[in-house]
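1. Structure of the sequence below:
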Amino acid sequence: MTVGSLSGQVLDRLSQMLDNTTCGWRQLATAVAEQPQLRCSESELTSCSLQVLSTAGSPGRALLARLADRSCSLDFLLHCLRKMDHREAVRYLTATLAELIQITVQPQNQQATAGGMVVLTCRASGPPGLSYQWFRGKDEILDGTGSTPELVLRPSVSAHQGHYICRVHRGGNFTFSQWAHVRFVQAAGPSPENRVISGCSSSVFPGSASGLRIILQPRSQAVSEGDSLVLECNAEANPPVQYEWYHNAVPMKEHHTCVLKIPCVTTAHRGQYKCRIFNLYHEACSDTATITIGPSSITDASWVEIDRGPDSQEVHRSSDGLELHQLQERVNPPPLVKHFYATDKVALLIGNMNYLYHTQLCAPIADVHELTNLLRQMDFKVVSLLDLNWQEMHSAVTEFLLLLDKGVYGLLYFAGHGYENYGNSFMVPIDAPSSYTSEHCLCVQNILTRMQEKETGLNVLLLDMCRKRNLYDDVIVQPGLLKVTANIVFGYATCADAEAYEVKREDVSNGIFISFLKRRVCEDEKVTVVLDRVAEDMGRCEITRGRQALELRSNLSERRSLTDQIQTAVCSASHSARNLQWAVANVLPKTLCLQFDCGVKVQLGFAAEFSNIMVIYSRILEKPQEIVSCCAQLTDFPEDVDIDLKKSNQETLLEAGSLLLVRETLPSPEVPSLYTRIRCLQRLKRELTFTICLHYTYSNMDDEIQERQPVTVGKPLVSKLNLHEPRPPQAQSASSSSFSLDSFNVPESSSCPPLGSASSAWSYPAQSGQTSSRNGSATSFRSGNIPEETDSKCFDTPQPLVASKSLPHGQINEYKFSEMYDFHSH
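-> Numbering: from 1, shown residues only. Model prediction:
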């Protein structure tokens, strides 16, 4: 049973118990993250948190709804509540489960013949004393077996045709089965299959309606470790059958359906499988399916031993079974179960789109945004940047390297123009000249050399760019010598001397590489296994076959995964330093409330789309009754940042140019807002200052009046890092960074953002920390990832921003050759 099977009343009661800060929904979200598919991103947690701003909102209820959508089992929910030591919720849920009714056997569609018999079966688990009510359509069946688990229609007549459903209840608790359709057909002679069941024994009791016939047998298979195993067995019978699977003659108690599915097999799953099928009158056994795990075994064959010494020669020998078994044990020893941990996980994502002298790209904005959200779900500290020039890319890489240390997992992703010369890959900044060479670009191999100096636990480099030869560049770059660390993974979006493509859409485009990678990247598998599966997926897509194929280069010797957990006990001091340093690029200004002389109160709020792109909204909180119309517009921004004036102060995020931030519906009514999108914050050389201009009109006047207030919000997000400034040649530690941690003011309430916190969230002040100003000056910051939970009555907070738009998974294999004109190479 899943969380979705709970009634609204039970969910409301649980949410009341979870709506607290000490042992509540946030602690539950952390506990359920034990299962990767239930892990909530920071933007999802922010959305839950903002429910407190609605009169009837509940963060706990919102979290439970997300768990229900992801099919969280009630047993696992109970386990997590026990892990939290939430005794009240454990007692309540335990008592609820004891009273919960669950259908275990559903009635099935049947065919009836004149004078025959039809048996519809419905069975349920739950408290003692369950009662059954059968209905044909809306009419209750009051006679015969209408109040038993098995409804028997005998002798069947045409009047029995129709749809049937069973209601199981006890006291006020009840549930309904699925509908079963009984169809009346002409009688036919018994078939041989109904008279004899081949290959198995059958116990036939008097009054049975028909025989049992297995129509699908499980098949023997050879699978590799880590693959999925699916065995199917299906049978026709009346009443419907039940299934029981056996592995090496041992019952598999958790498998009671016609499909046996094991998502990740190991050598322990090899052997013989059989399915027992039975109902009230019949019993049968399926054929035996033999499952082999790993490479094919060597049987009764000769093998060749080749001496690789100076006088090498082939020696043919025949081996008996014992020798072959010993040989296999030496070549394929039983795998040792070993769990790997990271001391931290850090990612730098760069997407270059708006090139000054080259073809502009569409997909990097969506690709970086989606990969950011996915990596944060796996507890990566992510800095995501768009449209960097040469100096900014160099500085960003230097800051990224400062976050690396011994045992840290480092991931670098680049989407944009690129090339490859003499085995070295080069990322092209947006200001590269038309005939660029290696001196205008960044060499990926040089970055990898510097990553290795940090003794990282895993180095992953994902390059979503072209790898064609650059004819303007004949310089052979000599990067530093790479160490033999056996922890390097290169994932190239395309093969050597080939191009990478994106599919151009009307609103948001995706690159081919990310379209496939996002389906696999969160799998709990070795990194190379994940990329291999991405390559296979791309190979099965008709539009990419022969045009773009992922290339994997790796010397990774251990089973390290991007989902590995973080273990910080060994180096907690350095981990804390990285937390603080990383937080600099994820700090949003506090929400402001400004009071104007006319009596209008205006709220300014901030959201991060990327680490260098911020959205500011303005909204009217209060206005005197004599003012009939008013709006607050932002103007006078510094020249350092990039703002499209035609798209500033827009009524919707889409009109403001933000395709990736959308509003989730809250129960409270929406208050109109104006949105302005600020890009290229990395070029901000001083504090961000602008003017808020209030336009308003009185009821007895036709003329519009204006009031202006200057506002200063400090250096938000990545602007604090001063990426526009050159970096020293060698930056060995966080102390050599270009910014001063002493100047980074983190409020006591949010000291340091949590791991993997998302920047795509509105910032909101606590009631006690709300800033009201007449001069608009505000230089204090807080993490944009931790909205305070408050019932502030000063204003209605706007709805949260979350990532939503992407290339749907289901469309990946639906590209057509007619769309080739939409392909743009990087």
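
2. how many neighbours does K518 have?
-> The tally of other residues near K518 (other Cβ atoms under 10 Å) stands at 20. In short, each C-beta sits where N, CA and C put it, glycine included.

3. meant to ask about E283
-> The number of residues packed around E283, counting by other Cβ under 10 Å, is 17.

4. That one reaches R276, doesn't it?
-> Yes. Under the criterion of Cβ atoms under 8 Å, E283 is in contact with R276, at a separation of 7.1 Å.

5. Assign a three-state SS to the residue nearest to the spatial centre of the chain, would you?
-> Central residue check for the chain by Cα atoms, centre = their mean: the C-alpha nearest the mean position is that of L374, 5.0 Å away. Per DSSP: H, G, I helix; E, B strand; the rest coil, the local secondary structure of L374 is helix.

6. which non-adjacent residue is nearest it?
-> In space, L374 comes closest to V521 once its chain neighbours are excluded; the distance is 5.4 Å by Cβ to Cβ, 6 or more residues apart in numbering.

7. same thing with T257?
-> Nearest in space to T257, with sequence neighbours left out and distances taken as Cβ to Cβ, 6+ apart, is Y243 at 5.9 Å.

8. follow-up on the earlier one: would you check how far apart the residue nearest to the centre of the chain and V530 are?
-> With distances taken as Cβ to Cβ, to the nearest Å, L374 is found 12 Å from V530.

9. And for A608?
-> Between A608 and V530 the computed distance is 28 Å (Cβ to Cβ).

10. Over to A632?
-> 48 Å.

11. and if you look at G457?
-> When Cβ to Cβ is applied, the distance between G457 and V530 equals 17 Å.

12. What helix or strand is T96 located in?
-> Counting by DSSP states H and E, the secondary-structure element that holds T96 is helix 87-99.

13. Please spell out which residues along stretch 116-132 are buried.
-> Of the residues in stretch 116-132, those buried under the neighbour-count criterion (16 or more other Cβ atoms under 10 Å) are 116-124, 126, 130, 132.

14. quick one, phi/psi of the residue nearest to T257?
-> Backbone geometry at Y243, expressed as degrees, to the nearest 10, gives phi -120, psi 140.

15. so what's it bridging to?
-> Each beta-bridge partner of Y243 is listed here, defined by DSSP bridges: I277.

16. for it, what are its contacts?
-> If a contact means Cβ atoms under 8 Å, 6 or more residues apart in numbering, then Y243 has 233, 255-258, 275-277 as its contacts.

17. Can you report how many residues neighbour E34?
-> Burial of E34 is recorded as 13 neighbouring residues (other Cβ under 10 Å).

18. Help me confirm that it comes into contact with C72.
-> No. Between E34 and C72 there is no contact under Cβ under 8 Å: 11.1 Å.

19. what stretches of the stretch 251-400 of the chain score poorly on pLDDT?
-> Under the criterion of pLDDT under 70, the regions of the stretch 251-400 of the chain flagged as low confidence span 294-338.

20. in it, which spans are strands?
-> According to DSSP state E, counting those that start in this stretch, the stretch 251-400 of the chain carries its strands in the segments 259-262, 271-278, 283-285, 289-293, 302-306, 314-318, 344-351, 381-386.

21. Now tell me what touches the last one from outside.
-> Right, strand 381-386. 344-353, 364-365, 368-369, 372, 375-376, 392, 396, 399-400, 403, 578-579, 582, 585-586, 610-613, 679, 682, 718, 755-756, 759.

22. So which of these are in helices?
-> The members of these that map onto helices under DSSP state H are 364-365, 368-369, 372, 375-376, 392, 396, 399-400, 578-579, 582.

23. Let me have these in CSV, extended by neighbour count and distance to P638.
-> As requested, those are exported to CSV (neighbours: other Cβ atoms under 10 Å; distance: Cβ to Cβ, whole Å):
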residue, neighbour count, distance to P638
P364, 28, 26
I365, 23, 23
V368, 29, 25
H369, 26, 26
T372, 26, 26
L375, 24, 32
R376, 25, 30
E392, 24, 17
A396, 25, 21
E399, 25, 22
F400, 22, 26
R578, 22, 31
N579, 18, 30
W582, 23, 26
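
24. can I get those in CSV with distance to L723?
-> As requested, the ones in helices among the contacts of strand 381-386 are exported to CSV (distance: Cβ to Cβ, whole Å):
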residue, distance to L723
P364, 18
I365, 19
V368, 16
H369, 20
T372, 18
L375, 21
R376, 21
E392, 5
A396, 6
E399, 7
F400, 11
R578, 18
N579, 20
W582, 15
